[in-house]
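> Following is a predicted model, sequence given first.
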There are 4 protein chains.
Amino acid sequence: MSQHHDTPRRLRLGMVGGGQGAFIGGVHRIAARIDDHFELVAGAFASDAERSRAAAAELQVAEERAYPDYRAMAEAESQRPDGIDVVAIVTPNHLHFDVAKAFLEAGIHVICDKPMTTTLEDARELEELVERSGLFFGLTHNYSGYPLVRQARDMVAAGELGELRVVQVEYPQDWLSTRLEDSGVKQAEWRTDPQRSGPAGCLGDIGTHAYHLARFVTGLELESLAADMHTFVEGRVLDENVHMMLRFRGGARGMLWSSQVVPGNENGLKLRVYGSQGGLEWHQETPNRLFHSPLGEPSRILTRNGPGLGEAALAASRIPPGHPEGYLEAFAQLYTDFAEQIRAHQAGRQAAPLAANTPGVTDGVDGLAFITRALASSAAGGGWVDM
Amino acid sequence: MSQHHDTPRRLRLGMVGGGQGAFIGGVHRIAARIDDHFELVAGAFASDAERSRAAAAELQVAEERAYPDYRAMAEAESQRPDGIDVVAIVTPNHLHFDVAKAFLEAGIHVICDKPMTTTLEDARELEELVERSGLFFGLTHNYSGYPLVRQARDMVAAGELGELRVVQVEYPQDWLSTRLEDSGVKQAEWRTDPQRSGPAGCLGDIGTHAYHLARFVTGLELESLAADMHTFVEGRVLDENVHMMLRFRGGARGMLWSSQVVPGNENGLKLRVYGSQGGLEWHQETPNRLFHSPLGEPSRILTRNGPGLGEAALAASRIPPGHPEGYLEAFAQLYTDFAEQIRAHQAGRQAAPLAANTPGVTDGVDGLAFITRALASSAAGGGWVDM
Amino acid sequence: MSQHHDTPRRLRLGMVGGGQGAFIGGVHRIAARIDDHFELVAGAFASDAERSRAAAAELQVAEERAYPDYRAMAEAESQRPDGIDVVAIVTPNHLHFDVAKAFLEAGIHVICDKPMTTTLEDARELEELVERSGLFFGLTHNYSGYPLVRQARDMVAAGELGELRVVQVEYPQDWLSTRLEDSGVKQAEWRTDPQRSGPAGCLGDIGTHAYHLARFVTGLELESLAADMHTFVEGRVLDENVHMMLRFRGGARGMLWSSQVVPGNENGLKLRVYGSQGGLEWHQETPNRLFHSPLGEPSRILTRNGPGLGEAALAASRIPPGHPEGYLEAFAQLYTDFAEQIRAHQAGRQAAPLAANTPGVTDGVDGLAFITRALASSAAGGGWVDM
Amino acid sequence: MSQHHDTPRRLRLGMVGGGQGAFIGGVHRIAARIDDHFELVAGAFASDAERSRAAAAELQVAEERAYPDYRAMAEAESQRPDGIDVVAIVTPNHLHFDVAKAFLEAGIHVICDKPMTTTLEDARELEELVERSGLFFGLTHNYSGYPLVRQARDMVAAGELGELRVVQVEYPQDWLSTRLEDSGVKQAEWRTDPQRSGPAGCLGDIGTHAYHLARFVTGLELESLAADMHTFVEGRVLDENVHMMLRFRGGARGMLWSSQVVPGNENGLKLRVYGSQGGLEWHQETPNRLFHSPLGEPSRILTRNGPGLGEAALAASRIPPGHPEGYLEAFAQLYTDFAEQIRAHQAGRQAAPLAANTPGVTDGVDGLAFITRALASSAAGGGWVDM
């Protein structure tokens, strides 16, 4: 159980997006509650004033702080003495940039869902804005909140795998195997719509998660890639299946696969990392185990909060080993780390080192660069392109 | 994602126990927050006034509602216009009875950890008191909150397994393999101490969970049992390993094993149920899968929120299939169902059927009867005794 | 790959039983061929002369050595200069004793399927006969031929688990969930018939395997047991489901479950052994992995022929790790070890130590004692009986 | 248990290669014995006469039929009235072509290990020679002998997956993670030596198996590929890690990964195939299960010889479900099917359909074309090349 020896007041959280029928907004709200560092006090939950108010009522947010649009919210909240400390942006992708910009310009910290923007240019502009403002910017590449992902990262960094050779990462799903967007499922509607998702479909939605996870754990920088992206379901525009070969600086090689049309796969994010001295394997669907194969020895099963873990993994765990934690706890860990960083910012101190290593605006730029180069490779026939 | 179409105010939650070093108190608090139906507003967190106040400060509970003892709390809260709606009792076992009694007598609903009491007599007295008072009493046999446990229950009830034949349930752990109680670990101290745990060690701590799970899923009533309980670690008094054979009314047979001294087992609760038409298998450590083996057909892997599930399982799930939910979400489901029952009670209406089926005082009595008979069997050499 | 530096002639193998429709006879023949130490040259394959001849023709056994009955075979083969070195007895259980006796009295080594006899008296008589004759007697408790079972045995013997505490063994199947014996399936016919199986059904068929495996790996001796045996399918006489609690000399406790009526279980033999210093877990259905959990360390996955194994396991493996070996190779390992023992006997030398540790007549007596006591316990209501 | 109603004489088998220290020769010999259709009667087991004789003695082959070289063997055996029916070629790769040619020209059927040759030209020449001679030529892509691989093939062919979309195949190993060839391990010596292995290392050794498996199950033809091959261990010449993207005729896309330097992987061959109506997943290391995910339904676990299988899978299984078969039985299945084809050839009849579908010279040519194009792609920087 992580210890919170002194507990300052809960941070005031606002939200843009996340009304009825949304998925990720609800996840952010639970994640913000689990470790009790936030209270939701304001929101522009929908693009329609009526629906925003209805959502606010449901979420026990005061009616006066249910805003009809994000600009009004940024302005009003920045004026209130009890204004929000931070806003969570959980809209479809195409709005991330404008919303983030509005709140940053209003002097408010930002937590933003991924992909950060829909173009690399926007991502870079946001990066500059964040640097200029000095504000906190958290990007919810949530898989980096899993304790055993942090354990893997620390083991790689400590050299336990030796020199890295091969990185295999995949993220298969099946929920878009058929034209779900024709059945009124809002998630499917906007995610298959280039106007709202941006030019990348599966690539932007989950390929970026796979890419970030590989980078987060290995610390490797991508040098070049070759991408073969494909759409199978008739009438779809955006990519549904992404095949990619990767070359990292320093010589390691890798593969990335993400897909949303492969039956039998729910959220099968899986990372395997191999070096001269050992290998690691982790699956999101059974996240409380990490397989470690030291060269020439039997493989070991590290368990969350179990024996043999380092302090980063232990600090990110709430309950005893064997009692499974899951997706929401990993997401909550990001929120908890964000809280520490925001409070450190407010107090003018350094954030605790274990909480400081969360994805941010630089990862957002990196993700958009990755998307951009992958789209370029695929559009040009799938050959190699440099990053 | 479960829907909350109209959201009444959060219920005001008090807590007895759960101060520094406690395990289950923190779990209850997270569970109460996840679905946002409760706010913690009062507590007697420790038997010492100073430590209770310190815990309250840490938990953002107002100082005036940090009570030095539970009696004072019951009295004061029952008088306040904004007094707690319900108290959660998360003390060591020996206090459950007195605390529950105090709050029930003060007219306050109760959520109580298990085992409900340390004697069958106390359990029966509590049952009478609950019946007399008409108040809500929830017992946190938390494994019944897992969506796929509810799915299993519904499948058995719908006759999908045919006539039940065999029930195998086990709950092995390893955390007490050595004398952890000598290292200042509070959990180990009170759980190995008959003064605080009652006469059952492993049996009361986790054997009752296994028993309840088997009963909850199968609906079978136990007719008789033969129990062989044993203590291996020198200097221990309470049982560490429980072997049991079971005969159910109607002819089904079963086995129950719980242990706290078997290395390599973290929280390995596992249930297998077999009937004339099929079998089911569920493991707590990978709770998002349920194996269903229809007679003469390939086994199927049901997944949380995946295809083929009934409404009870779907209603207890928050996020898409493949994104793992875990122990805390299952625990939260009980709290969410408790909230519905308490609100129904307050509104004088029937609780929603899907939320009404949570463990309560009758299960607590049943658990104590089970403990009592198992102790009797083991004390008499391990022969069969009737329930 | 095990090495056979000098290869003497193949041993001449005879067989009693194993004609059309038999299961275990075919298994013995493949097992005898895999490592090439035997050639099948004679047989009384069926109780009917015509069917025995037909089987011989199919098995490329010379017509003159296809015997109408086992007595004729024992006599004739013992007279031939090229007579069989050893007979494999693969009949239904009720014939084991008479056939074994006939061949031993004819001076021929015996390989016998289990259970060795149908009564303890017969088992003891056979034991005396073997001792008196000095002949080789191998009992095909074939699971002891798995490399990782031998690894487990060696680890226990070397004290790697510390003092043994708990032994959990189970062998569930589902093939008799319905009245298969009414469909002309010969296997089901004789195995559910007390005239041919003896007084124990599931207990004799697979319960004895589970018991032998537990004994083989742990080296523990059973002190007492309590058995609850049950029959669910209407019209059956013999037990289909066996629940048992075990107390071993020295204080270890255990459970044994075997069943043939639990849908979804094919041949789910599984052994778990726990001591003060660690645990082991092995499953027959995925036999190329052995889980080892040293106290306070991450669990390890030992693989057949992989890193960290001892010489007994390595000697019993044929191909590289990751290429699965299975049931037939484990069975073949017994035959290979039997060959070494028979050749050592013929040469008047000691058998190689790694090949000498196979189940024999003493295990057969032990198995019948186990069956006898379990039947006695169950018949008396399921209470404890001493061995 | 597969039935062999009439059993003709065993086929006389010769072998080239497979002496001391070899791996695959021993595998072929066991595979040839398991179902009892062959007897080994001649061989040129080593390139040195003395060592060939020593191997023959060990293998119980008559001294006169232990040949010093394969040409002498082909000539002598073709003259004997009891000459071999078929030769198995189990030498290092560079000899396959010459040996196969010699035996085909001598009128003797051939079983050849893979890759069939070291150049595409040789492969094509062999193909012509086989066609001209009309002789049987079997190529031991042994994974196609697994029952559940055949089941998968039949399910795809029957349209159970709908239109194929994505094929993911991988074959990771770790045995060459370090310079094992410096330690006198013969396997490592020749497999890392371009003189004996040919120009492809990992690609030829196991990449071709992965490719063949994907083709065998899906029936898809490769249209183009992009390959990134790499060598990590200093001093090595041949590829150790192969990353590949695949485009199949008809629009399906795929990935192939094979590696011999990734710690923790033993023989991790794994195939996943996805179509518009479902998915399949199979792992060589646990080959007795096949996961089938019909679109929108729970995944199913098909088991070897279990419910729901087609006749091809049932015919390739020897023992009841749950008793694991493995690598040697799958290899034996090829030999058994080869025997049927050779006997059909000798009898001038059609082979039984279930036995007729084994890899042959066309697959060998296809494999070399695959190797050749992959080498070309990788040499040119990893871009796309047509097949």
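Perfect, thanks for sending it.
> I'd guessed A:Ala56 sits against A:Ala66; true?
Yes - judged on C-beta atoms under 8 Å, A:Ala56 makes contact with A:Ala66 at a distance of 3.2 Å. In short, each C-beta sits where N, CA and C put it, glycine included.
> residues touching A:Val273, list them.
A:Ala152, A:Val156, A:Leu161, A:Leu164, A:Val166, A:Val167, A:Gln168, A:Ala214, A:Val217, A:Thr218, A:Gly279, A:Leu280 (C-beta atoms under 8 Å, 6 or more residues apart in numbering or on different chains).
> Put together JSON lines for those residues, with distance to A:Arg272, neighbour count and pLDDT on each row.
Formatted as JSON lines, these follow (distance: C-beta to C-beta, whole Å; neighbours: other C-beta atoms under 10 Å in any protein chain shown; pLDDT from 0 to 100):
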{"residue": "A:Ala152", "distance to A:Arg272": "10", "neighbour count": "28", "pLDDT": "98"}
{"residue": "A:Val156", "distance to A:Arg272": "12", "neighbour count": "21", "pLDDT": "98"}
{"residue": "A:Leu161", "distance to A:Arg272": "11", "neighbour count": "25", "pLDDT": "98"}
{"residue": "A:Leu164", "distance to A:Arg272": "12", "neighbour count": "22", "pLDDT": "98"}
{"residue": "A:Val166", "distance to A:Arg272": "8", "neighbour count": "25", "pLDDT": "98"}
{"residue": "A:Val167", "distance to A:Arg272": "7", "neighbour count": "24", "pLDDT": "98"}
{"residue": "A:Gln168", "distance to A:Arg272": "4", "neighbour count": "24", "pLDDT": "98"}
{"residue": "A:Ala214", "distance to A:Arg272": "10", "neighbour count": "23", "pLDDT": "98"}
{"residue": "A:Val217", "distance to A:Arg272": "10", "neighbour count": "25", "pLDDT": "98"}
{"residue": "A:Thr218", "distance to A:Arg272": "11", "neighbour count": "23", "pLDDT": "98"}
{"residue": "A:Gly279", "distance to A:Arg272": "7", "neighbour count": "24", "pLDDT": "98"}
{"residue": "A:Leu280", "distance to A:Arg272": "7", "neighbour count": "27", "pLDDT": "98"}
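> Tell me which of those residues fall in helices.
Secondary structure from DSSP state H places A:Ala152, A:Val156, A:Ala214, A:Val217, A:Thr218 of those in helices.
> I'd like to know which of those residues is nearest to chain B.
Chain B has its nearest neighbour among the ones in helices among the contacts of A:Val273 in A:Ala152, at 17.0 Å by C-beta to the nearest C-beta.
> I'd say that closest one and A:Gly279 touch.
No - between A:Ala152 and A:Gly279 there is no contact under C-beta under 8 Å: 10.6 Å.
> Rebuild the ones in helices among the contacts of A:Val273 as CSV, extending it with distance to D:Leu126.
Below are the ones in helices among the contacts of A:Val273 laid out as CSV (distance: C-beta to C-beta, whole Å):
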residue, distance to D:Leu126
A:Ala152, 48
A:Val156, 47
A:Ala214, 43
A:Val217, 47
A:Thr218, 44
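> residues shared between the contacts of A:Ala56 and A:Ala66?
Residues touching both A:Ala56 and A:Ala66 (C-beta under 8 Å, 6+ apart): A:Gly43, A:Phe45.
> in the longest helix along chain A, what counts as buried?
Taking DSSP H as the criterion, chain A has its longest helix at helix A:327-347. Buried positions in helix A:327-347, judged by neighbour count with 16 or more other C-beta atoms under 10 Å in any protein chain shown: A:327-345.
> try stretch A:127-147
A:127, A:129-130, A:133, A:135-147.
> ok, A:Val16 touching A:Ile89?
Yes - the pair A:Val16 and A:Ile89 passes the contact test of C-beta under 8 Å, sitting 5.1 Å apart.
> Neighbour count: those two, which is higher?
Neighbours were counted for A:Val16 and for A:Ile89 using other C-beta atoms under 10 Å in any protein chain shown; A:Val16 has more, 31 against 27.
> pLDDT wise, what is the residue of the stretch 51-200 of chain A found nearest chain D at?
Relative to chain D, the nearest point of the stretch 51-200 of chain A is A:Arg165 (5.0 Å; C-beta to the nearest C-beta). Looking at A:Arg165, its pLDDT reads 98.
> can you pull the contacts of it?
Contacts of A:Arg165 (C-beta under 8 Å, 6+ apart): A:Gly251, A:Ala252, A:Arg253, A:Tyr274, A:Gly275, A:Ser276, D:Phe232, D:Asn241, D:Val261, D:Val262.
> Now for A:Ala380, how many residues are close by?
By other C-beta under 10 Å, 12 other residues sit near A:Ala380.
> now it: how far from A:Glu240?
19 Å (C-beta to C-beta, to the nearest Å).
> Whether stretch A:33-51 contacts chain B - can you check?
Yes - contact of stretch A:33-51 with chain B (C-beta under 8 Å from any C-beta of the partner chain) involves A:Arg33, A:Ile34, A:Asp35, A:Asp36.
> now do stretch A:82-99
No - judged by C-beta under 8 Å from any C-beta, stretch A:82-99 and chain B are separated, with a smallest distance of 13.6 Å.
> C-alpha coordinates for that stretch, CSV please?
What follows is stretch A:82-99, C-alpha atoms only, in CSV (Å, rounded to 0.1, in the frame of the first residue of the first chain):
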residue,chain,number,x,y,z
ASP,A,82,-11.5,28.3,-6.2
GLY,A,83,-10.9,27.7,-9.9
ILE,A,84,-9.7,24.3,-11.1
ASP,A,85,-6.1,23.3,-10.6
VAL,A,86,-6.0,21.2,-13.7
VAL,A,87,-8.2,20.3,-16.6
ALA,A,88,-8.5,16.8,-18.1
ILE,A,89,-9.1,16.8,-21.9
VAL,A,90,-11.0,13.7,-22.9
THR,A,91,-12.6,14.8,-26.2
PRO,A,92,-12.1,13.2,-29.6
ASN,A,93,-8.6,13.8,-30.9
HIS,A,94,-9.3,16.7,-33.2
LEU,A,95,-10.1,19.0,-30.3
HIS,A,96,-7.2,18.2,-28.0
PHE,A,97,-5.0,20.9,-29.4
ASP,A,98,-7.4,23.8,-29.2
VAL,A,99,-8.6,22.9,-25.8
